[in-house]
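>>> Just a sequence and a predicted model for now, questions to come.
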Amino acid sequence: MKVLVYSDDANTRAQVRMAIGRRPAADLPRVEYVECATQPALMALLDEGGIDVAVLDGEAQPSGGLGICRQAKDEIYDCPPVLVMIARRDDGWLATWSRADAVVGQPLDPMALAGAVADLMRQRASRLPVL
């Protein structure tokens, strides 16, 4: 399954990859990562399709993951499940506004992130057609 990781910070993207690992749960397939650092690149990748889960940095600059999540949910047909990472607990209402499917706090808890991504991968797998 393809997991898209968006952040303007390469260290944050690396932390996400390390936390999720190659397979976040035994019942799931291996993860293939796609990374991007800009909003136009992210929207182009989502528009192309083939992304199973998106992990967005809510603190990214100049375009934060919360606003991008809202835009993606409005504009992308069959938008994949989106997890948004937020730094402030008080931003939870913004995550609801953005229609994020899952939210984790920063600094990242690797177990919480891997568990949330695994849940979203299962959701996506249940909606995909069987070939």
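Yep, it's here.

>>> From here on, just use CA atoms for contacts and neighbour counts.
Fine.

>>> got the buried residues for the helix or strand encompassing Ala114?
Assigned by DSSP states H and E, Ala114 falls within helix 110-127. Under the neighbour-count criterion of 16 or more other C-alpha atoms under 10 Å, helix 110-127 has 110, 113-122, 124 buried.

>>> and that helix, what does it pack onto?
Packing partners of helix 110-127 (3 or more C-alpha pairs under 8 Å, 6 or more residues apart in numbering; DSSP states H and E): helix 10-20, strand 53-57, strand 82-86, strand 102-105.

>>> Let me see the contact set for the most centrally placed residue in the chain.
Closest residue to the average C-alpha location of the chain: Val55 at 1.6 Å, with C-alpha atoms, centre = their mean. By C-alpha atoms under 8 Å, 6 or more residues apart in numbering, the contact list for Val55 reads 3-6, 82-85.

>>> Figure out how far the worst-scoring helix or strand of the chain on mean pLDDT is from the centre of its chain.
The helix or strand of the chain with the poorest confidence is helix 92-98; it has a mean of 87 (mean pLDDT, DSSP states H and E). Distance of helix 92-98 from its chain centroid, counting by C-alpha atoms, centre = their mean, to the nearest Å, is 15 Å.

>>> can you list contacts of it?
Residues outside helix 92-98 that contact it (C-alpha under 8 Å, 6+ apart) are 66-67, 69-70, 84, 86, 103.

>>> Columns pLDDT and neighbour count on top of those residues, output as CSV?
Formatted as CSV, the contacts of helix 92-98 follow (pLDDT from 0 to 100; neighbours: other C-alpha atoms under 10 Å):
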residue, pLDDT, neighbour count
Leu66, 94, 27
Gly67, 94, 15
Cys69, 96, 28
Arg70, 96, 18
Val84, 96, 25
Ile86, 93, 25
Val103, 95, 21
